[in-house]
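S.K.: Here is the input, now give the coordinates:
(one chain, ligands or ions: 1)
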Amino acid sequence: MVMPSTERPTVQRIIVVANRLPVARVDDEWVMSPGGLVRALVPVLQNASGAWVGWTGIPDFDIEPFDHDGITQRPVLLTERDVDEFYFGFCNGTLWPLYHDGIVPAEFHRHWWGPYREVNRKYAEATNDVLNDGDIAWVQDYQLQLVPEMLREMRPTLTIGFYLHIPFPPLEIFSRLPWRKQVLEGLLGSDVLAFQTKQSADNFHRAARKLAGAEYVGRRDLRWQGRNIHIQPAPIAIDNNEFDTMARSPAVQLRAREIRSEMGDPKHLILGIDRLDYTKGIDARLKAFSTLLDRSPSRAHRYSLVQIAVPSREQVPAYQQLRLDIEQMVSRINGEYGQPGQVPVSYLYRSVPFEEMVAYYVAADIMLVTPLRDGMNLVAKEYAASRVDEDGVLILSEFAGAAEQLTSAIIVNPYDVEAVAASIHQAAHMEPDEQRKRMRRLRRTVDRADVFDWAKTCLAMLEDA
Ligand code: GDG
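M.R.: Purely as a prediction, here's the structure:
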């Protein structure tokens, strides 16, 4: 539930430090960007007299701080070279695959490590510029893991929090990183380190002890250089009300019916919504869907899958290859099972407006959220929040952080193509009572804590630190 603004928790000023500002430049204007991180934090900062430190998304763009939608924006200047070596290089070529269990091999290049350190310093210095005594600095995500230690050196008594939006990998995988000790020491500059899941919190706790020599205080606490550090699982959430209200609106209900009819009123409408990223398991999901159709070709026309794939990191070769692979699979499935004017897979390589996305959630009988590894996955929670009629089936990967909470979904191993195919069949034939029972539980779980509660929990930990 959304709380009235007077009840929102801020006694201290909050400075969020994130890779990107929450705004982007479109036709010479600043507009709020879509995406998990921004959707989660903007409402929080609007109600705290805070500032946001981050990159504009435009290389070599040097501008003064400005205000947008009640939030002070403090841009960090990144050069073309920073974007190459820091962002596409170390962040997305080294850390992203490594932290997602090495689904694709992480690349280790010494010439990316220097830029990672230097760019982290730029963020730390920009943050230091806007800080007042008594503020809280809340650093976000894997791009900025060295910032806590750098800020600690600049302001030894500052309260510093860190939130990791992606998984923290098991020791056996993290240990591969040649700069593992530096990264851990960077993070240990924080007072509070929060993670999406218990598993990630445990993984970090273990790595910090084994590889950086932090001292065990308790399962959730460490001691490091004379300071106590709290390690906390704090699963991120959504603005439930926003989805619930939008899903109930007559315009969205109508659009949902239109979507179904435009697709030829299929018996089972299945939906996938993801950034086009190898962590999301879109290719394995298509294999599972194709396996299902192969099994009973005469019933293939009953199933219709909409896959919305939002363009992401298009400059990176692994993403270009993935796009080609996915498009080839879509085209093969449609070639084999389609009829003129009717295809089993409707593939949209684009993002759609918020209202349209909720209409898809409302229209879909089955939601496929099958990442190979995911920090949380907000799409799974958004689907439940949008199912105001309490029907629909969520199929959820056991490797999404959301699986620690959404236990009433059909939980699958996304690598097991046969099992995913069987789970789609199970979902398609699930009795209405069973659907309702599971969906009610999912909605109750999602309703228990929204994004404001998440922020409140994180900020309360920081205020107590
Ligand atoms: C990272 C972590 C973690 C998607 N397509 C459209 C659209 N979206 C919105 C969804 C959702 C968000 O983007 C995606 O969030 P996810 O959580 O699913 O995934 P990542 O982008 O990988 O996010 C993840 C998250 O950070 C938060 O901590 O959960 O594990 O990888 O909110 O609604 N929005 C619109 N059109 C689209 O086509 N309007």
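S.K.: Compute the mean per-residue pLDDT across the helix or strand encompassing Asn203, please.
M.R.: The secondary structure element spanning Asn203 is helix 198-212 (assigned by DSSP states H and E). Regarding helix 198-212, the rounded mean pLDDT is 98.
S.K.: Ok, stretch 188-195 next?
M.R.: Averaged over stretch 188-195, pLDDT sits at 98.
S.K.: can it be found next to the ligand?
M.R.: No. Residues of stretch 188-195 contacting the ligand under C-beta under 6 Å from any ligand atom: none, with a closest distance of 10.6 Å. Where C-beta positions appear, they are placed from N, C-alpha and C, glycine not excepted.
S.K.: rewinding a little: if we go by neighbour counts, what in the helix holding Asn203 is buried?
M.R.: By neighbour count on 16 or more other C-beta atoms under 10 Å, the buried set for helix 198-212 is 199-205, 207-209, 211-212.
S.K.: Distance to Arg373 added to the residues you listed, as JSON lines?
M.R.: Formatted as JSON lines, the buried residues of helix 198-212 follow (distance: C-beta to C-beta, whole Å):
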{"residue": "Gln199", "distance to Arg373": "11"}
{"residue": "Ser200", "distance to Arg373": "11"}
{"residue": "Ala201", "distance to Arg373": "16"}
{"residue": "Asp202", "distance to Arg373": "16"}
{"residue": "Asn203", "distance to Arg373": "12"}
{"residue": "Phe204", "distance to Arg373": "16"}
{"residue": "His205", "distance to Arg373": "19"}
{"residue": "Ala207", "distance to Arg373": "17"}
{"residue": "Ala208", "distance to Arg373": "21"}
{"residue": "Arg209", "distance to Arg373": "23"}
{"residue": "Leu211", "distance to Arg373": "21"}
{"residue": "Ala212", "distance to Arg373": "24"}
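S.K.: who in the stretch 101-250 of the chain is up against the ligand?
M.R.: Taking C-beta under 6 Å from any ligand atom, the part of the stretch 101-250 of the chain that reaches the ligand is made up of 165-166, 236.
S.K.: one step back: nearest to Arg275, of the buried residues of helix 198-212?
M.R.: Using C-beta to C-beta, the shortest approach to Arg275 within the buried residues of helix 198-212 belongs to Ser200, at 19.8 Å.
S.K.: could you list every residue that touches that closest one?
M.R.: With C-beta atoms under 8 Å, 6 or more residues apart in numbering as the criterion, the residues that contact Ser200 are 164, 167-168, 233, 375, 401.
S.K.: Mind checking which of those residues land in strands?
M.R.: Counting by DSSP state E, the part of the contacts of Ser200 found in strands is 164, 233.
S.K.: Can you tell me which of the contacts of Ser200 is closest to the ligand?
M.R.: Gly375 (3.0 Å; C-beta to the nearest ligand atom).
S.K.: show me where the stretch 351-465 of the chain has strands.
M.R.: Assignment of strands within the stretch 351-465 of the chain using DSSP state E, counting those that start in this stretch yields the ranges 366-369, 393-397, 410-412.
S.K.: and the residue of the stretch 101-250 of the chain found nearest the ligand, how many neighbours does it have?
M.R.: For the stretch 101-250 of the chain, the nearest residue to the ligand under the criterion C-beta to the nearest ligand atom is His165, separated by 3.6 Å. With neighbours defined by other C-beta atoms under 10 Å, the count for His165 comes to 17.
S.K.: if I look at it, how far off is Lys181?
M.R.: With distances taken as C-beta to C-beta, to the nearest Å, His165 is found 23 Å from Lys181.
S.K.: Can I get the buried part of the contacts of Ser200 as one ChimeraX selection?
M.R.: Taking 16+ other C-beta under 10 Å as the burial criterion, the selection of buried members of the contacts of Ser200 in ChimeraX is written as:
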select :164,167,168,233,375,401
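S.K.: Do you know the pLDDT at Asp265?
M.R.: Here, the pLDDT recorded for Asp265 equals 94.
S.K.: typed the wrong thing, it's Arg8
M.R.: Confidence per residue is given as pLDDT, and for Arg8 that number is 38.
S.K.: sorry, back to before: kindly state the pLDDT recorded for the residue of the stretch 101-250 of the chain closest to the ligand?
M.R.: According to the predicted model, the pLDDT of His165 comes to 95.
S.K.: Next up, the contacts around Val217.
M.R.: Contacts of Val217 (C-beta under 8 Å, 6+ apart): 223, 228.
S.K.: Apply 10 Å and report the result again.
M.R.: The neighbourhood of Val217, defined by C-beta atoms under 10 Å, 6 or more residues apart in numbering, consists of 223-224, 228-231.
S.K.: Walk me through which strands the helix or strand in which it is found pairs with, and which way each runs.
M.R.: When secondary structure is defined by DSSP H and E, Val217 falls within strand 215-218. Paired with strand 215-218 in the same sheet, following DSSP bridges, are strand 221-224 (antiparallel).
S.K.: Tabulate the contacts of Ser200 (TSV), appending distance to Gly335.
M.R.: As requested, those are exported to TSV (distance: C-beta to C-beta, whole Å):
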residue	distance to Gly335
Leu164	42
Pro167	36
Phe168	42
Pro233	45
Gly375	35
Gly401	36
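S.K.: which parts of stretch 43-62 are buried?
M.R.: Applying a neighbour-count criterion of 16+ other C-beta under 10 Å, one finds 43-45, 47-48, 50-57 buried in stretch 43-62.
S.K.: Residue numbers of the stretch 251-400 of the chain in contact with the ligand?
M.R.: 273, 275, 308, 310, 351-354, 357, 374-379, 382.
S.K.: I'd like the domain boundaries of this structure, if you could list them.
M.R.: 14-237+452-463, 240-448 (automatic domain parsing).
S.K.: how long is the first one from one end to the other?
M.R.: So the one you mean is domain 14-237+452-463. With C-alpha to C-alpha, to the nearest Å as the measure, domain 14-237+452-463 spans 10 Å from end to end.
S.K.: Output the below-cut-off pLDDT ranges for the stretch 301-450 of the chain.
M.R.: Low-confidence segments of the stretch 301-450 of the chain, defined by pLDDT under 70, are absent.
S.K.: Show me where it has its helices.
M.R.: Secondary structure of the stretch 301-450 of the chain, counting by DSSP state H, counting those that start in this stretch: helices at 317-337, 354-363, 378-386, 417-428, 432-448.
S.K.: quick one: the residue lying farthest from the centre of the chain from Gln225, how far?
M.R.: Within the chain, the residue lying farthest from the chain centre (C-alpha atoms, centre = their mean) is Ser298, at 38.0 Å. Computed as C-beta to C-beta, the Ser298 to Gln225 distance reads 68 Å.
S.K.: Beyond the helix or strand where Arg260 lies, next helix or strand please.
M.R.: Assessed by DSSP H and E, Arg260 sits inside helix 250-262. Where DSSP H and E defines the elements, the next helix or strand beyond helix 250-262 is strand 268-275.
S.K.: Show the average pLDDT along that following strand.
M.R.: Throughout strand 268-275, pLDDT has a mean value of 97.
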